[in-house]
Each structure stands twice: as structure tokens, then as C-alpha cells.
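# Quick one, what's the 3D model for this:
(4 chains)
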Amino acid sequence: MQFSFTEDQVLFQRTVRDLLAKECPPEVVRAAWEGEPAHAGRAWGRLAEVGVTGMLVPEEHGGMGLDETDLVLALEESGRVALPDPIVSTALVAAPLLRDRAPQAIASKWLPRIATGDALVVVGLDESPNVPSADVADLLIMQLGSEFHLVDPTKVTLNRHSSVDGSRHLFTVDWRATDESMLVGGEQGWQSVNEAFDRLLLGVSAQLVGLAAHMLDTTVTYVKDRHQFGVPIGSFQAIKHQLADCLIKLEFARPLVYRAAYSIATTNPDASSHVSMAKAFASDAATFVAGRALQCHGAIGYTDEYDLHMWMKRAWALASRYGDSRFHRRRVGRAIFGPDPQTQ
Amino acid sequence: MQFSFTEDQVLFQRTVRDLLAKECPPEVVRAAWEGEPAHAGRAWGRLAEVGVTGMLVPEEHGGMGLDETDLVLALEESGRVALPDPIVSTALVAAPLLRDRAPQAIASKWLPRIATGDALVVVGLDESPNVPSADVADLLIMQLGSEFHLVDPTKVTLNRHSSVDGSRHLFTVDWRATDESMLVGGEQGWQSVNEAFDRLLLGVSAQLVGLAAHMLDTTVTYVKDRHQFGVPIGSFQAIKHQLADCLIKLEFARPLVYRAAYSIATTNPDASSHVSMAKAFASDAATFVAGRALQCHGAIGYTDEYDLHMWMKRAWALASRYGDSRFHRRRVGRAIFGPDPQTQ
Amino acid sequence: MDLSFTAEEEAFRDEVRAWLAANVPREPLPSGDTRDGFARHLEWERKLFDARYSVVSWPAEYGGRDASLIEWVIFEEEYYRAAAPQRVTQNGIFLLAPILFEVGTDWQKDRYLRAMASGEETWCQGWSEPNAGSDLAGIVSKARRVDGGWSLSGQKTWTTRGAFCTHLFGLFRSDPEAGRHRGLTYFLVPLDADGVTVNGVGRLDGDEGFAEVFFDDVFVPDRDVLGGVDNGWSVAMTTTNSERGLTLRSPGRFMATADRLVDLYQQRHELADPGLRDEVVQAWMGAEAYRLYTWQTVTKMIEGGDIGPDASINKVFWSEMDVKMHETALALLGPLAELVDTSSEAVDRGSWMKGFQFALSGPIYAGTNEIQRNIIAERVLGLPRR
Amino acid sequence: MDLSFTAEEEAFRDEVRAWLAANVPREPLPSGDTRDGFARHLEWERKLFDARYSVVSWPAEYGGRDASLIEWVIFEEEYYRAAAPQRVTQNGIFLLAPILFEVGTDWQKDRYLRAMASGEETWCQGWSEPNAGSDLAGIVSKARRVDGGWSLSGQKTWTTRGAFCTHLFGLFRSDPEAGRHRGLTYFLVPLDADGVTVNGVGRLDGDEGFAEVFFDDVFVPDRDVLGGVDNGWSVAMTTTNSERGLTLRSPGRFMATADRLVDLYQQRHELADPGLRDEVVQAWMGAEAYRLYTWQTVTKMIEGGDIGPDASINKVFWSEMDVKMHETALALLGPLAELVDTSSEAVDRGSWMKGFQFALSGPIYAGTNEIQRNIIAERVLGLPRR
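Have a look, this model is predicted:
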């Protein structure tokens, strides 16, 4: 029993944090709001250079050959800066899907490109028909029931949808399955779909924790600085207690997210329950912190010139998508109680 | 539209408040905890003298011939002092039941005695098999499905049950129905049962509001007096905001309770929904205030020497009995959505 | 206690309902907090005014009907039930007008009220400054005595719809020597006056509804001082009570939201968590409680009582209920909550998410709920200040 | 990261589990916070001690097994899973002993630790006074220098199980001239010493578990000063961290409550509101989150880290979760929640209501949650004091 990250892992997190602070400042997120496609900035290339995109890619394909506990902190950092690029989809979902399910020729084609940062791979699940960043994908991996298909992005029609988070570019993808396009199907297919869903949840949960951490940090800084009635508003107990509550929510969501990463990495049979717990707690933490952050900022937080709103909206979008906290409590409930007694 | 009490009604409330402050101080409640039967004090006689017990008894039977809007504030006051006597059962449930359903002979026998304070009448509903104060009843009115029966308390067996509120003396009543004992049955019987339940709810809701008001008052006094860190603890924002929240809950429960009284008095077809809203809000307000009152008191509130616990426990008992707030939201839900779709 | 309406009141309700049914635009107008939407709303306001529904409780001479407070609440219930457009004139009508009636001069009343009621002139509130939000006494914008009037300088911020309005009412520091709450004066200022610069600022809900307003030596004649020189604080506190109190948030608004939430539940309940039913009912009951509380307040006012700090109880309740109602709606929408477009997938054009964001402003504006809870604790419960 | 247990740890768990299965009393003991129950619990404590399970993490010389922190948590998980009796020795073992190990003299350790582990001597905490609760620096009980030691005078209150214990550890003001936090000394006092009077005080949950302790010129020799004269505050803060931290509330406790809650839901769900399922799952997940958080903390401690003010985060979380879990249980019980007797109607002998009342003490004792949130805000987030 050792529930901590290694010194190297923590050092790597720091590297990624510094890199993203430089390459994905709020202006980059704002550019995505203005319509700039995701992946327009330099962050992606730098993430690839330090090994984030290829973390789960085997070494023989140019990757790091590491596991989800090595990747999770980097994804948390991607949440902290509200990175608009499809990092979860490419690095955490697509890479292991191709690694585990693709024939050698396909794996050799795509995995090295993922590791070098040359390929963005976007995975579309039936569960969530609005696919973010489908417009910048070099490869689409689309679910069709129990099957995953490899789809050429130049051969699909995309329809744009609008999210409350303007930096999330959502699309419905109009595509056709062929016998050649199938990557995996049947029993293995269902297993792949479930694994992909669980990985997506892990990544989104890590990002939600990062988003919450950023909103809390920003607010702590603001309330120390902002004076009313002759004192910093952070000296008022009503402000202190709201922010203490934020920290508590955040600190108890984190270990669930880290455990979920470990359970996926070790193919724990309860991994699905574990990621659902992570998603439920991370969603609730992020929406709670968003609400308190806005309240402690007051009117300035309510403007679109101030950056906070971009983080809040990302948090709202990610918390409600891929199952909100109630959905995931129901999923955990099935593990505790057995199949959903919807009749009770 | 005039949603206020008359000057006379407010004056009467003040009279009842003063009377109960004198005749039902905390020592009386404590005596009930020690096993003293309900109705042992002088409060009952004085309540009868000023007209509370006979408020709904017609004038020809020696009562006031008034309605529930006249009675509700007195019942709120009975909650404020945590009166152990069965005032709701006698004055608000039994009196109109006998008034509306009893043959002349029975009405003439019991109603005048209710008005003079000589008879305590306890109504037992199937919904709640633990009947408080059955040991001091001069007459029991027991539900059996669609029927109400008049039952001689000397001919029943009582089994004592323990409530968390030691001043609530609960009994299961072992009794036998006979043809002679039936007061009302059939379609009229169901109607009577529903009316009795609604009246009970109204009375309990009014008492819950009174309990909450007392706990809030007590706590406000305490936090002004108690000093820590060189200042009254009531000057801390964390205390202020908790008590502000208590007041908000209380102030929004009150109009629902008063409206429920009016709806019963005017036989509004939505009266059942209205009392359920009152019970839900009053239950939530009282349990919320109980929790905050204890927290703001700290350790002293946790002792049984200090009176607060007797009010808290009455609040917990009344909030959970006769349908807790969730139960009543479900009841209101049926009015909004139609019959319970338990299958969804 | 009498919770029924008189025949006259019922007749008034019927008349209002019929007029609204015939006149409320079929398609929702674009948001009144955008430049285009504001103009479209003014057309609607004009229609309301012409039918004498824009200010029913005002005297007839200013365009009203001398309606009772009860009729006013009835009007509001019907207005929201009909899903009629948001009132872009509300800051003038609900915040400024009550003060004009109370302390305004006859000249001011004649000059401003009718034009306000018709929407010809529109008013925004100039209170907050970069360093004066919750602590309004921190206002530093100055009013300097000049010949025949005053010269205003400084900056106001978070001015709702400031970029579209014609006039501003606000507080300026007229006596720099006086203490924090003293030495403020309340001015009425046309925004086309020389020296005024207005910059629109976007809000998080995507509308441009905020403005910063800069004053650079702006002349205001003496006749546009409201309520006396150096008396601005007590005048402003009057406004605060009405802003926080019932006038700005009539119960009809929340009853309409609750009804929409019930409809949404009926559409979505098979997909949603069974526990949400309880929340929907709680929301519905909350709106009902708010309605009854309002009738209690209205009765108190008719009987000559004062709202006073009770307005703070009211404000905390409705603002947090409004957030909660929208959170329940978003939970019912689940994965569709984030969609804000007009596609068939997005429910109600994303209006719940939009409404949620609007609701989030409730606990902040007109005195944050932290300030309101302080007021409740200190002025109602009598707890000691620090 | 390695969330598995070693073979040795698993073997330890199996051994503990087997022993508990064979030895935990079939019928629950009467409450340890009553005089009779306390005595019955001491019998059980003796049995634990004889099997060397009373203080597994202590050195063998004092009755322990030199178990690792990980083994200690495993022991606690099994202890609660087995529904073994409440530890009436906990204030000594969990609050005093860590300080004795850290700053106690050899004489003190030899004199007190083994007798504490066996339950032969039982300890209560003498901190709070009538005017020193959240503000411990307000302590006024005095320690006066006398020949060979100190003379104690004053009053301690809310002393848990004070009426049944043999010894008290507490703070007294040894230098009346020094500032609020200075001039306090930590003493070890036998409650049968001349001049000590103990009065039991009932608690709201019906047990007599509180006491007031009066000191009238009570002599304590120098050897029973713990951690140095006038150094009591810093010694006490060490205790506070362990009281607030993981030692007093091992995750096993909440996992056991969560499991009981799941059972209760399965018994009652057909009668209860469907929305309660969500709350039960949330409770279960909360216990799981607490367990993982604890493993994180344990790892940090093993790696040489310090808990510090994080203990406050921990305390707020578990204490409020515990209340919420019991509220959920009471909601599942509905109209039966109030019954606390042993009739067939009352569920689990009313133990949920009893547990609810006990849980309510969590946000109050060992520093109220208001104080904890101040600590979190000021010492973890770095917000300014006033």
C-alpha cells in the first residue's frame, strides 16, 4: 500500500504545468472561443515532445510505454489551463484502443504519429453524439453499437453544435461504416467500448479536478487582493468558509481520480465503478467550486472579459457530459445493489 | 386578498403565549420526560379557560364556534413551549370530527367537555400506530380502515413505546371495534379519515414552526451572551449566517402553515396539498433550525441539563412522524403530476 | 384572513390575461440585454404603454391606472404566465420611480416619469465602481459644485444595460471631507451629456448587458439632484429596499419557471434520475411559498407596514431558489444541458442554461447574499456587529 | 502507487479478522458512556490487551506489536467491520499517548503507557472550561508553584467519560502574567487526588458521558508535568492535530456505517422515497473517498510528511459525512425514526437515532467545524486573518 506518486511523476507534472502555463495561457482558450480550432496553439507539440501524447503508446511505436498513473497528473494539468485540444481522446482513449485492438499495420501507422504529436485522434461514442474537436481530427474512431470503426475525417460530414463552453467545438459526425472500416466488434467490441468509456471518464475527471483547482487558486488570489470595507474580502469568515468548502470537495475528489487511474492501469475488475466514483465526485467538486468562485468574485466574475467564466463553463460542460454525478451514482449503485431496480 | 391575522387574533396569540410561558415552562416539559403524564400541569385548564380547546366547538356546545385560522396561532404557541399535552388531537382533530360526524347525543356529551377542558380526546390513525398521550385520554377515537370508532380508554390495553422525545408518551392501543362503537364509516368515513389526517398535519406543522421559533430565539440570546476570543460569538459571520438561514427557513414555512389553516377553514378542494406543503416546509425548517441551534451552542447544547435538547427532539419526532418532508413532497407531487408513477 | 380575490380583481385579471394572450409576441424576442434585442423590446414596451399596462400601479397622469398593490401582483402573475418579454425598462420603473414618487420634485416627476413609462427614456443604475461593490460607501466618483449645478467625474461599472439606456441615476461624492456614508448625492444624468463615455462589457451569459460609464467633467444642473445635496445615502437605501424587495422579483416569475420545470420533468423523467421528482416538487412548492410570502408582504404594506430589512430575507430566498430551480432543470437535461443552439437536439434552444447563468447573478447583484445575511442577522435578529 | 497489500499485511488482516470473529461479544454492550457500560467495556479492553490488540502500533514493551501504520489502519477496518465495541480507552490511547511518546519522560512512559493500554488506568481530557471552548486560550484554571510540584485550582467541563475515568490530562495556567497562549502547562492528574471533585453531566443522547471536574488546591508533583512548564500550548496543539486527524476516526468506522446503511436501504427501499437510493450511494462513496484519503495521508506520514492543518480538512469531511449518513438512515426509517426502544417495531433498537445524536457531536468537539474552516482558510489557503 503506497498511495502517492513517485518523485519522477511529480516532477513530470511540474514540467507539464510549466509548459502549459506558457503555451496555453487564457488567450489561447479565448482564441478557441473566437472560433480558432482546437490544437491551433503550440501546446500540443510541446506536450508530444515531453511525452504526454505518447504516454500509453508502447516504446516500439515511439511512445513511453507507461500507464495511466503516469498520465493522470498531466491530464489534471490540461484541465487546470482549460486546454481546448483533444488530449484525453487522443492520449488516453485512442492510443490504448489502437495499441490493444488494431492490427499491426494500423498500429504502426497511427501510434507513432500519436507519440510525435502528428496525429490527433478523436473517439466518438454513441453515449455522446456531440463529438468535440472532430474538425481537427486526423483520424476518427467511431462507435457503432458493439463496434469501433476507423473513419477518414475527409469522408464525413460534420454539423456544428454550440456548447455553453464556446471553446468546445462540438460536431455530429455523419459517417458510413464499411466492412473495411471495422476495428473491433462482437464481444471484444463491447469490452473495448466499455474500456473507452471508462478511460474517457478518467480523463474528464482529471480535467475537472484541474479546472476546480485553478478556479480555487484564482479566487484565493482575488479575495486576498480585493478590498471592501477597508479590508481584503478574503478576511471575511463568509468568504473563508466558502473557500474552505471548495478545498474540502477538491481534496476528497482527488484520491478517487488517482485510484481510478490505478484501477484502469491494473485492470481492476471494479475499474468501472471506480471511474464512476471519480466522475461523480470530480463533477460535483468542479461545479461547486465554479459556483463559489463566481460568488466570491461578484460582478467581475460575471463579465466575459474576466477569464473565470471560461473555466466555469468548461466545468459545467464536462460535469454534465458523459454522465453527470447522478448518472454515475446510479452506475455505482448497480455495483452495490445489483441491477437497477427501476421499479422500486 | 388579505393575508394577515386580525388584531384580535394577534392579541389572542399573545394571551396564549403569556399563559403558556407561565404554565408550561421548561420544568413542565422536563417533568414529562421524567414520566409525569401529559396534561399533568395547569396549562390545559388555562387553555380551556381562554377558549383554545373549544375554539372549533360550536357555541351551542359551549365553544367559540370559530375556525382554524383562529386556532393556528395558539397551536404555534403550544409548539413554542413544547407543550406535552394532546392539544392538536383534542382541539383540532377530535372536536370538528365529533362536531361534523357525531349524532346529537354523542356530540352533546363530549363537545362541551372539550370546551371546558374536562375531556382530552386522542385520535389514533392507522398511519401512525404509536399514539401519543393515549394514557391520559378520556375518549379515544380510533381509525379502522374507513371507519372511526369511539373507544372507552378503560377498555383498552396500552403498550408503551419510547420516542427519542421522552416527553412524548407513545402507546400502541389494543382495542376492539363493535357495531356500537362506530362513529362514521363508508365513503363518509374515508372523507373523515382524510380530514382528520389533514388537521393533524396542520396542527403538527404549526407546532413545528413554534418549536423552530423558540430554538432560534434561544440561540440568538445565547450567541449574544457567549463570549469567545474576547467578543460575543454572535458577532462572527459564520454564526450570523447560520442564524440568518434559520430565519429564512422559518419565515417561508409560516405562510404555508397559515394558508393551510385557511384552506381547511374554507374547505378548499386543494386543502390536502396545502397541508402537505406546510408539513414539508415546517419539518425541514424545524430540523434545520435544530441542527444550527445545536452547532451554535456547542457543547452546552449537547447536555441534557440545558433545555435545548428537549425542543430538538420534539422537532425530530414531529418532523419524521405523520409523513416526513419527502413523504409530503410525494403527496404534493401526486397533485401536480397525477398518481405516483412509481414505475418510472 | 381572506385569500380570495374580489370580483373586481378577478375581472382585472381576466382583462390582463386576454390582452396578453392577444398581444404577447408568438416568438420570444432576442435578449433585451443585446443592442438589437433592446430595441425590439422597446417596441413591446411602447405597446404595453399604449394599452396602459406598462405601469399599472402609477397614477393615470403618468400613464398608469392607479391600480392597487394587489392588482399589481395579479398583473405580474399574468405577465409571467403569458411568457411576456422581459422588461428592459425595469431599472427605471422599479428602482428609480419609487424614489421619484417619494422624494422627487414636481418638476422631476413631470419631466421624467411619463417618458420612463413609455420607454422613450430608459434608465440604468450607476452605483457600483471598481472599488465600491458590496461596500457602496467606498464610492469615489466626485461631484464638484459649479455655477448652477455640479460637475461629475469618475467611473461607474457593472451598469446593467448601460450601453443602451438614455439616462443614468447614481451616487457621487459631493463632500469629500464627510465620512463614508455621508457626503454622497444622488444625480439624474442624461448619457448623451458632454463628457460621458459608455463602454459595453460582455457578460458571462454571452450578452453585452454590462457597461462601464466614464464621467469627465459632466455638467448636471441643480434640478437633477434627487432628494437633496449630501443626502444620497439615505435616498439610495430606499432604492435598495425596493430592489431587494418584492418589486423586482414578482412571484409570477418563479411560478412560471416552476411550471416550465414541471413540463420539462414530464418530457424527460423517463431518462432522468427518479430522485429529481422530489427536487421538481420542492421547486414548485418553493415558488408557491414565495407567492404566499409576497401576499403576506403586500398585505402588510397595504395595512401601512414597512418592508424594511425583511427585504433581505426575501432576496436571499428567491435568488437561491432561482439558482436551484435551474440546477434541477440542468440535471433533468443531463448530457444535453451544455447545448445552447437551436438544433433539434438542444431542448428549448438551450434556454435553461441561459436562465441558469442569469440566475447566478441573483445572489450577487443588488447586494450580495453575504451582505443580505449580515443585514438579516444584525437588523432582524439583532446580533452584534463586529 | 501501489494500492495492493503485501502478503504479510493480508496475513495480519486474516489473523485480526479471525480473532475478532471469535471474540467480539454477540450482543452489543451497553453504551460505554454510562457507568455500567463503561465497566463492561473495560472487560473487553482487557481481553483486547491480553491478545495484544489494544495498541497494535505501540512498541511491544508497552503492550503493542510494533505494527506499521498500514497495519494499524487494517486493524481498524477489521475492528469496525466486526462491529466490535467502542473503545472507551480512546482518549488516552489516541490523544495522550502520541504526546507521551513524543515529549514524555522515560519515567512517564514507563509509569503510564502500559496501564493505559490494559485499561487499568483510563484517561479523560481536561481542556474545555465554562469560558474556554472554541477559544482554548481563554483557560483560567490555575497551577501555582508549590514545594516539589504544583497546586491546581479551577474547573474543567464537557469532559467526556470524566465521571468514570481514573486520570485526567489537561491544561492549566501556570504563569498568569503571560499572554493568552503562553503560560499554560500540561499536567497529568489522578482523579482520586485530594481536592478533585467530579460531577457527571447527562448528554442529549441520554448517556451520562460528560463530567465537570473541580480542582481545589490539588497537588501534582513535578514529574507529572508533560512537555515542560509554560509549554502547554504547543504540547496541546500536537494533541489537537491527532484528535482532529486520522487517529480518532479511522475509515473503518464510516465504511461500517455505510454498509449498515446499504443493508437498511435494502430492507426499507420499497417504503421509502426513490430519491434516497442516490443518497445511500453517495454515503457509500463518501466512506470510500474517506478511506482513500486516509491511505493517502498514511502514505504521506510513512514517507516522512506531516499532517499539519490538513487534519482540519479531514475532520470537517468525516464529521459532516457522518451526520449526513445518519440523516439518510432516518429518512429511510421515516415514521419509525423516532422510536428508540427494543420493540419489534423499532428498527435496530433505535440505534440509528442514537447514532445520529452521537454524530451531531462530531462538528462540535475537538474544535468546532467553524474553527476548522478558519484553519483551512488561513493556514492552508493562506487567507488573511482579520
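# Now do whichever residue of the stretch 1-150 of chain A sits closest to chain C: how many residues are near it, please.
Residue nearest to chain C within the stretch 1-150 of chain A (CB to the nearest CB): residue A:128, separated by 6.2 Å. No exception for glycine: its C-beta is placed from N, CA and C like everyone else's. For residue A:128, the number of neighbouring residues by other CB atoms under 10 Å in any protein chain shown comes to 16.
# Likewise for residue A:50?
Residue A:50 has 15 neighbouring residues, counting by other CB under 10 Å.
# which residues touch it?
By CB atoms under 8 Å, 6 or more residues apart in numbering or on different chains, the contact list for residue A:50 reads A:12, A:15-16, A:19.
# Return the residues of the stretch 201-350 of chain C in contact with chain D.
C:273-279 (CB under 8 Å from any CB of the partner chain).
# Please produce a PyMOL select command covering the buried subset of those residues.
To isolate the buried members of these in PyMOL, using 16 or more other CB atoms under 10 Å in any protein chain shown:
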select buried, chain C and resi 273+274+275+276+277+278+279
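# and chain B, which of the residues of the stretch 201-350 of chain C next to chain D reach it?
When contact is defined as CB under 8 Å from any CB, those meet chain B at C:274, C:277-278.
# so which of those residues also contact chain A?
The subset of those within reach of chain A, by CB under 8 Å from any CB, is residue C:274.
# which one in the ones next to chain B among the residues of the stretch 201-350 of chain C next to chain D is the model shakiest on?
pLDDT across these is lowest for residue C:274, at 86.
# Where does the closest residue to chain B within the stretch 51-200 of chain A sit: helix, strand or coil?
Nearest to chain B, among the residues of the stretch 51-200 of chain A, is residue A:127, at 21.2 Å (CB to the nearest CB). Recorded secondary structure, residue A:127: coil (DSSP: H, G, I helix; E, B strand; the rest coil).
# give me every residue that touches it.
Counted by CB under 8 Å, 6+ apart, residue A:127 has contacts A:197, A:322-323, C:335.
# out of the residues you listed, who has the most neighbours?
Neighbour count (other CB under 10 Å) singles out residue A:323 as the most crowded of those, with 24 neighbours.
# thinking again about what came up before, just want the phi and psi numbers for the residue of the stretch 1-150 of chain A closest to chain C.
Note on residue A:128: its backbone torsions stand at phi -140, psi 90 [degrees, to the nearest 10].
# how much space between it and residue C:338?
Using CB to CB, to the nearest Å, one gets 10 Å for the distance from residue A:128 to residue C:338.
# got any residues that touch both of the two?
Here residue A:128 and residue C:338 have residue A:321 as joint contacts, going by CB under 8 Å, 6+ apart.
# For residue 292, the count of nearby residues, please.
Just going to use chain A. 21.
# Can you look at chain C instead?
Neighbours around residue C:292, by other CB under 10 Å: 22.
# Residue C:61 now?
Residues lying near residue C:61 (other CB under 10 Å) number 11.
# per-residue pLDDT, it?
95.
# Could you do residue A:228 as well?
93.
# how about it, phi and psi?
Main-chain dihedrals, residue A:228, degrees, to the nearest 10: phi -150, psi 150.
# Next: residue C:258.
phi -60, psi -40.
# In contact with the closest residue to chain B within chain A: list those residues for me.
Among the residues of chain A, residue A:237 lies nearest to chain B; the distance is 3.9 Å by CB to the nearest CB. When contacts are counted by CB under 8 Å, 6+ apart, residue A:237 touches B:236-238, D:370, D:374.
# Tabulate the residues of the stretch 201-350 of chain C next to chain D (TSV), appending distance to residue A:97.
Listed next are those as TSV, based on distance: CB to CB, whole Å:
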residue	distance to residue A:97
C:273	30
C:274	34
C:275	34
C:276	34
C:277	38
C:278	40
C:279	38
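# so which two of the residues of the stretch 201-350 of chain C next to chain D are the farthest from each other?
The distance between the two most remote of these (CB to CB) is 10.8 Å, for C:274 and C:279.
# quick one: common contacting residues for the two?
residue D:275.
# Run through the residues of the stretch 101-250 of chain A sitting next to chain D.
Counting by CB under 8 Å from any CB, the residues of the stretch 101-250 of chain A near chain D are A:216, A:220, A:223-224, A:231-232, A:234-235, A:237, A:239-241, A:243-245, A:247-248.
# how about the helices in chain C?
Secondary structure of chain C by DSSP state H: the helices cover C:7-23, C:35-50, C:69-81, C:90, C:97-103, C:106-118, C:232-244, C:251-268, C:276-302, C:310-333, C:351-360, C:369-375.
# what sits up against stretch C:173-190?
Outside of stretch C:173-190, the residues within contact range by CB under 8 Å, 6+ apart are C:99, C:108, C:112, C:126, C:137-143, C:145, C:150, C:152, C:166-172, C:196, C:215, C:218, C:220, C:224-233, C:235-236.
# And for stretch C:14-28?
The contact list for stretch C:14-28 (CB under 8 Å, 6+ apart) reads C:44, C:47, C:51, C:53, C:74-75, C:78-79, C:81-85.
# same question, stretch C:55-63
C:49, C:52, C:54, C:64-69, C:71-72, C:75, C:93, C:97, C:109, C:113-114, C:117-118.
# Quick check: buried residues in that stretch?
For stretch C:55-63, the neighbour count (16+ other CB under 10 Å) marks C:55-58, C:62-63 as buried.
# The nearest residue in space to residue C:104 that is not next to it in sequence: neighbouring residues, count only.
Leaving aside its sequence neighbours, residue C:104 sits nearest to residue C:226 (CB to CB, 6 or more residues apart in numbering or on different chains; 6.3 Å). Neighbour count of residue C:226, defined by other CB under 10 Å: 24.
# Repeat that for residue C:300.
Other residues lying near residue C:300 total 15 when counted by other CB under 10 Å.
# so it touches residue B:4, yeah?
Yes - between residue C:300 and residue B:4 a contact is recorded at 6.7 Å, counting by CB atoms under 8 Å.
# now stretch A:66-86: mean pLDDT?
Computed over stretch A:66-86, the average pLDDT equals 98.
# May I have the phi/psi pair for residue A:137?
According to degrees, to the nearest 10, residue A:137 has phi -70, psi 140.
# so what's it up against?
Taking CB under 8 Å, 6+ apart, one finds A:86, A:120-122, A:153 in contact with residue A:137.
# Correct me if wrong: residue C:138 contacts residue A:233.
No - Residue C:138 lies out of contact with residue A:233 (CB under 8 Å); the separation is 11.9 Å.
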